[in-house]
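Novice: Make a model of this:
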Amino acid sequence: MSPSDERGSPDEERPEIASELLDLREKPPEPLAVAPQALGVWELAWPTIVAFGAQTMVRFADFAMVGSLGPDALAAVGLGGQVYWLVQSIAMLVPTGLAAVLARAVGAGDAERSDAVLRQSILLASALALATTFAGLPFTDFSIAMYGVDESVVALGSDYVWWLLVGTLPFALSFVFGAAIRSAGDARTPLYLGIATNLLNVLLNWVLIYGRLGFPALGVGGAALASSLSMVFQTVLFWWMWRAHRLVLVPGNAGWRPDRRILRSLVKIGYPASIEQGLFQVGLLGFQRIMSLYGTAAIAAYNVGAQILSFSFIPGIGFATAAATLVGQHLGARDVNAAARSGWRATAGAVSSMTVAGLVVIFFAEPLARIFTDDAEVVGLTVDFIRILGAVQALMAIEFAVGGALRGAGDTFFPMVSVFIGLFLVRLIPAALLAFVWEAGVQVVWLALVMDYAVKATLLITRFRRGKWKTLEIA
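Specialist: Numbering: from 1, shown residues only. Predicted structure coming up:
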C-alpha cells in the first residue's frame with residue numbers, strides 16, 4: 001500500500017474501525033454493524049489469553065504427571081518438545097502467512113478471497129506436515145542425543161518425539177483453522193474448542209501415562225500420544241463446524257486446486273517466520289547444550305522454570321494475536337493510523353499484564369517448582385531461573401506484541417533478523433564464553449537471557465516506530 005492510499009479525510013467524515021479512546025477496547029465513536037473489524041484489542045486478546053492459558057495448563061499437567069517419573073523424564077519432555085518444534089518450524093510459515101493475507105482480505109470485505117486463502121492454507125499445511133513427519137521419524141534418537149544428555153534421557157525423549165510426530169498433520173490443520181478464525185475476528189470459537197480439547201488431553205494423559213482403564217502405562221510417550229489424539233479431536237471439530245457453516249469463515253465457491261498466486265503470497269510472508277522459528281529452536285538447542293555441562297538437574301530446572309513462566313507469557317500471546325489481526329484488518333481497510341494505534345495499544349496491554357504475571361510467578365516460584373519435582377537441587381535451580389527470567393517480562397512482552405503487529409502487516413523478515421541477533425549474537429556467544437572459557441555458574445549463564453530480550457525489544461520498537469510496514473504490499 002502506497003502513502004497515497006492512506007485515508008486522508010477527517011475522522012468525523014468516516015467512523016474509524018478503532019477510536020482514540022485511551023483503553024484497550026478501541027470502541028468506535030458510533031455504533032458499527034457487527035463485523036470482525038469492529039473488534040478492538042481486548043475483545044480479541046482475552047479469548048486468546050484464556051485459550052492459551054488452558055493449553056499451558058495441559059503442558060503444565062504433562063510436566064507435573066511425568067515429574068513423578070524422575071528428573072530424566074522431565075528433561076526428556078522438555079528436550080523432546082524443543083526437538084519437535086524445531087522439526088515443525090517449517091510448517092509454521094502457513095499460520096503466519098495465512099494471518100497476514102486473510103486479515104487483509106477480511107478488512108477489505110473480500111469473502112471470496114478469504115475462502116480461497118483458507119483452502120490454500122489447508123493444502124499447504126497438509127503437504128508440509130506430511131513431509132516433516134516422514135522426514136523426522138527416523139531421527140528421533142539422534143535428535144535427543146545432540147543435547148549431550150544421558151542415555152536414559154535419550155530413550156525417553158526419543159519416544160516422546162516419535163508420538164508427537166505421528167500427530168503432526170492434525171496439529172498443523174488445527175493451527176491453520178485457529179489462525180484463520182482469529183484473523184477473521186472470532187477469537188471465542190477457538191477458545192471453546194480449545195477448552196474441550198484440553199480437557200480431553202488431560203484425561204488421556206492420566207490414562208496413557210499411568211496405564212488406567214485397562215490401557216498400558218506408556219510413561220513419557222503416553223503424554224505425547226495424548227497430545228496427538230486430542231489434536232485429532234480438535235481438527236475434526238473445526239472441519240465439521242466449517243463445513244456446516246458454523247464458523248465466521250464459511251465455505252464459498254473457491255476450489256481445492258492449488259492457486260500459485262495465493263500459495264506464493266503465503267510462502268513469501270510466512271517463510272521468514274518459519275526460519276525464525278527454526279533459528280529459535282536451534283538457538284534453544286544450543287543453549288541447552290551449553291547447560292548440559294552442568295548436569296541433568298540444570299536442564300530439568302531450565303525446562304521446569306520455562307514451563308512455570310509460560311503462564312506469564314500467555315497475555316503476550318493474546319495481545320500479539322490481537323495486534324496481528326487488527327493491524328492486518330486495518331491495513332486491508334486502508335487505515336494505517338488505526339493500524340498503528342492497534343499495535344501500540346496491544347503493546348501497552350502486553351507489557352502491563354506480563355509484568356504483573358511475572359511478579360506473581362516470582363513470588364510463588366518455590367511452591368510452583370515443587371509441583372513438578374521434590375528433588376532439592378532441581379527446585380533450587382528452578383527458583384533461580386524463574387527470578388532471572390521473570391524480571392524481564394516487560395521486554396518479552398514487547399517482543400510478543402510488536403512482533404505480532406509487524407507480522408500482521410506482513411513484515412515478517414525483520415522479526416526473524418531480530419531473533420538471530422538477540423539469540424545467537426547476544427545470548428549464545430556470551431553464554432558459551434561464560435560456560436566454556438570462564439567456567440561461570442549456571443545462574444550467571446542464564447543472565448545472557450536478559451541481554452537477549454533487551455536487544456530484541458529495542459530493535460522491534462525501532463522498526464515499528466519507523467513505519468516501513470505501513471507501505472508493504474500483499475499480493
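Novice: contacting residues around Leu381?
Specialist: Contact analysis of Leu381 by Cβ atoms under 8 Å, 6 or more residues apart in numbering lists 297-298, 301-302, 305, 442-443. Glycine gets a C-beta too; all of them are placed from N, C-alpha and C.
Novice: what's the helix or strand for the one residue sitting closest to the centre of the chain?
Specialist: Residue closest to the average C-alpha location in the chain (Cα atoms, centre = their mean): Ile317, at 6.6 Å. Using DSSP states H and E, the element containing Ile317 is helix 296-332.
Novice: between the contacts of Leu381, which is closest to Phe385?
Specialist: Gly305 (3.6 Å; Cβ to Cβ).
Novice: okay, the closest residue to the closest one other than its chain neighbours: pLDDT?
Specialist: Using Cβ to Cβ, 6 or more residues apart in numbering and skipping the chain neighbours, the partner closest in space to Gly305 is Phe385 (3.6 Å). At Phe385 the predicted local confidence, pLDDT, stands at 92.
Novice: how close does Phe385 sit to Gly278?
Specialist: Phe385 sits 24 Å away from Gly278, going by Cβ to Cβ, to the nearest Å.
Novice: Looking at these two, which is more packed in?
Specialist: The neighbour count for Phe385 versus Gly278, taken as other Cβ atoms under 10 Å, is higher for Phe385 (25 against 19).
Novice: ok, that one - contacts?
Specialist: 301-302, 305-306, 443, 446.
Novice: And the helix holding Ile317, how far out from the chain middle?
Specialist: 6 Å (Cα atoms, centre = their mean, to the nearest Å).
Novice: Quick one: mean pLDDT for that helix?
Specialist: 87.
Novice: Any buried residues in that helix, and which?
Specialist: 296-332 (16 or more other Cβ atoms under 10 Å).
Novice: Over to stretch 134-153?
Specialist: Going by neighbour count (16+ other Cβ under 10 Å), the buried part of stretch 134-153 is 136, 139-140, 143-145, 147, 149-150, 153.
Novice: picking up where we left off before, go ahead and list the helix or strand containing the residue nearest to Gly305.
Specialist: Short version, using DSSP H and E: Phe385 is in helix 376-390.
Novice: Only C-alpha atoms, please: export the next helix or strand after that helix in PDB.
Specialist: Next helix or strand after helix 376-390 toward the C-terminus (DSSP H and E): helix 393-408. C-alpha atoms of helix 393-408 as PDB (Å, rounded to 0.1, in the frame of the first residue of the first chain):
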ATOM      1  CA  GLN A 393       8.800  -9.900  31.300                       C
ATOM      2  CA  ALA A 394       8.300  -6.400  30.100                       C
ATOM      3  CA  LEU A 395      11.000  -6.900  27.500                       C
ATOM      4  CA  MET A 396       9.500 -10.200  26.400                       C
ATOM      5  CA  ALA A 397       6.100  -8.500  26.200                       C
ATOM      6  CA  ILE A 398       7.400  -6.000  23.600                       C
ATOM      7  CA  GLU A 399       8.800  -8.900  21.500                       C
ATOM      8  CA  PHE A 400       5.400 -10.600  21.600                       C
ATOM      9  CA  ALA A 401       3.200  -7.600  20.800                       C
ATOM     10  CA  VAL A 402       5.300  -5.600  18.500                       C
ATOM     11  CA  GLY A 403       6.500  -8.700  16.700                       C
ATOM     12  CA  GLY A 404       2.800  -9.700  16.300                       C
ATOM     13  CA  ALA A 405       1.900  -6.300  14.900                       C
ATOM     14  CA  LEU A 406       4.800  -6.400  12.300                       C
ATOM     15  CA  ARG A 407       3.800  -9.900  11.200                       C
ATOM     16  CA  GLY A 408       0.200  -8.900  10.900                       C
END
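Novice: If you count neighbours, what's buried in helix 393-408?
Specialist: For helix 393-408, burial by neighbour count (16+ other Cβ under 10 Å) applies to 393, 395-408.
Novice: between those residues, which is closest to Ala376?
Specialist: Nearest to Ala376 among the buried residues of helix 393-408 is Gln393, at 26.9 Å by Cβ to Cβ.
Novice: May I ask you to confirm that the closest one is in contact with Ala357?
Specialist: Yes. Gln393 is within contact range of Ala357, at 6.8 Å (criterion: Cβ atoms under 8 Å).
Novice: which neighbours do these two share?
Specialist: With Cβ under 8 Å, 6+ apart as the test, Gln393 and Ala357 both reach Ser312.
Novice: what ranges do the strands span in the stretch 201-350 of the chain?
Specialist: Counting by DSSP state E, counting those that start in this stretch, the stretch 201-350 of the chain has no strands to list.
Novice: which residues of it score low on pLDDT?
Specialist: Within the stretch 201-350 of the chain, no stretch falls below the threshold (pLDDT under 70).
Novice: please redo it, this time with the cut-off set to 80
Specialist: The stretch 201-350 of the chain contains residues with pLDDT under 80 at 281, 285, 307.
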